[in-house]
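Chemist: Test case, fold it:
(one chain, ligands or ions: 2)
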Amino acid sequence: MTITIALSKGRIFEETLPLLAAAGITPLEDPETSRKLILPTNRADVRLIIVRASDVPTYVQYGAADLGVAGKDVLNEHGGTGLYQPLDLNIARCRMMVAVRDDFDYDSAVRQGARLRVATKYVQTAREHFAAKGVHVDLIKLYGSMELAPLVGLSDAIVDLVSSGNTLKANHLKAVEEVSAISSRLIVNQASLKLKRAAIQPMLDAFAGAVGK
Ligand code: ATP
Ligand code: MG
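Modeler: Ligands and ions are numbered 1, 2, ... in the order given. The predicted structure is shown next:
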């Protein structure tokens, strides 16, 4: 019985390595240098697949991967259907924020009940955030470089991930509101957990131990 784990390249892969090690799993190739999308590990019964961060929940939902690691930002947009989310791994931590041009008076725009134009990759998250505040928004879907949108008049605000704030500062933007704290979670296909429990449960226990839970 093979266990397939879906990861994205970059920070999630790097920060998941110590957790895999705690479960006795070592990748035999580095996704940054290998062109392979299926990576073998030291364990014959465990393989890794390398997919886009936003595709990880989809692979796990349909059982093409048994386990995966995905940010809360990605999980909120996906909706979580068919996924068991047993563990916050506390990795890839950052914050989902509302940001505007540093000369834009966000508080009075909101107070006056103005209709706000919001550009974001995280349409679902933004919709929920502003609906809860009772702020009317027109949402504009983007796929990257959100910081540009307020600078060229595409939107009044953006909803985006912020860690240091340096990108905002470099583009004369300011964060005005936190939407939520973000970290990555372990996700498990619900059918896999039942059918492959003997192989999966020890991994979950090892990850939990390594995370300190
Ligand atoms: P893609 O590159 O495929 O468009 P992405 O930009 O979402 O996807 P990454 O940059 O690897 O891919 O981000 C993966 C996850 O890491 C995100 O979903 C988020 O949870 C988290 N993350 C994103 N940016 C940061 C950051 N600056 N600091 C910490 N964690 C972050
Ligand atoms: Mg990125």
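Chemist: Now the residue nearest to Ile50 when sequence neighbours are not counted. Its backbone dihedrals?
Modeler: Leaving aside its chain neighbours, Ile50 sits nearest to Pro31 (4.7 Å; criterion: CB to CB, 6 or more residues apart in numbering). All C-beta atoms are positioned from the backbone trio N, CA, C, and that covers glycine. Pro31 has phi and psi values of phi -60, psi -20 when expressed as degrees, to the nearest 10.
Chemist: Pro31 contacts Ile38, correct?
Modeler: No: judged on CB atoms under 8 Å, Pro31 makes no contact with Ile38 at a distance of 10.4 Å.
Chemist: Could you list the domains of this protein?
Modeler: What automatic domain parsing lists as the domains of the chain is 3-92+183-211, 94-181.
Chemist: Which of these sits closest to ligand 1?
Modeler: Ligand 1 lies closest, by CB to the nearest ligand atom, to one member of the domains of the chain: domain 3-92+183-211, at 2.0 Å.
Chemist: ok, and what's touching the longest helix along the chain?
Modeler: When the chain is scanned for its longest helix (criterion: DSSP state H), the result is helix 197-211. With contact meaning CB atoms under 8 Å, 6 or more residues apart in numbering, helix 197-211 is reached by 1, 3, 18-19, 22-25, 45, 66-67, 86-90, 186, 188, 192-193.
Chemist: now stretch 164-184
Modeler: For stretch 164-184, the external contacting residues (CB under 8 Å, 6+ apart) are 12, 15-16, 69-73, 88-103, 106-107, 125-126, 129, 147-148, 150-151, 157-159, 161-162.
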